[in-house]
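Undergrad: Turn this into a model:
(one chain, ligands or ions: 1)
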Amino acid sequence: MAFLSKRCVNVFFLWQTIGCLALVVCSLSSCTNSAATPGTETYFPQVRVIVQQNCVSCHSPGGMGLPTMLTTDANIAALAAAIKAATIDPASPRNKRMPQGGELSAADKAIIQKWFDKGGKISD
Ligand code: HEC
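TA: Numbering: from 1, shown residues only. The predicted structure is shown next:
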């Protein structure tokens, strides 16, 4: 009997320890994952790089894409809906596909879509 009850106590402590470990692992992983939690990521820095690499050559002073200017953060944010329409929405005579004569990669489109969905501002 004495052996049994001691064994019970040991089992109890074992489970308690496992529970504690699980708790520690959970809280640690939620800490490291917080940057990737939907809604907390900031997409604008990536959008700015996409625009600089694919759009600014035409949409800057002297470019053929004027009067649409995409040179500053404020320009890009003010035109969030137009940028999303031109790069992602179905092209039509009223909705020109950009970059002109080409198309963004699926990865770049996904970033623009997420940025637009979040609010399309510099802080998004
Ligand atoms: C090769 C030059 C060129 C590049 C590169 C280019 N554009 Fe354009 N863009 C134009 C021209 C030209 C127009 C005017 C289109 C027209 O009215 O026929 C235009 C028009 C626009 C407009 C105005 C709305 C519309 O549909 O007419 C937006 C918004 C736009 N571009 C966004 C972009 C974005 C975002 C990129 C990069 C992903 C980009 N453009 C890359 C040449 C370019």
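Undergrad: Name the spans of the chain whose pLDDT lies under the cut-off.
TA: Along the chain, segments meeting pLDDT under 70 span 1-39.
Undergrad: Next one: residue 113 from residue 44, what distance?
TA: Noted for residue 113: a distance of 13 Å to residue 44, by Cβ to Cβ, to the nearest Å. In this view, the C-beta of every residue, glycine as well, is placed from N, C-alpha and C.
Undergrad: Compare neighbour counts for those two and give me the winner.
TA: residue 44 (20 against 14; other Cβ atoms under 10 Å).
Undergrad: What are the neighbouring residues in contact with the more buried one?
TA: By Cβ atoms under 8 Å, 6 or more residues apart in numbering, the residues touching residue 44 are 73, 76, 77, 115, 121, 122, 123, 124.
Undergrad: Now the terminal residues of stretch 66-80, how far apart.
TA: Between the start and the finish of stretch 66-80 there is a gap of 16 Å, counting by Cα to Cα, to the nearest Å.
Undergrad: outside of it, which residues touch it?
TA: 44, 47-48, 51, 55-56, 59-61, 82-83, 115-116, 120-122.
Undergrad: ok, is it in contact with the ligand or not?
TA: Yes: contact of stretch 66-80 with the ligand (Cβ under 6 Å from any ligand atom) involves 68, 79.
Undergrad: how far away is residue 96 from the ligand?
TA: Separation of residue 96 from the ligand (Cβ to the nearest ligand atom, to the nearest Å): 4 Å.
Undergrad: nearest residue to that residue other than its sequence neighbours?
TA: Counting by Cβ to Cβ, 6 or more residues apart in numbering, residue 86 is the residue found nearest to residue 96 once chain neighbours are left out, at 6.1 Å.
Undergrad: If anything else comes up later, I'll come back, but that's it for now.
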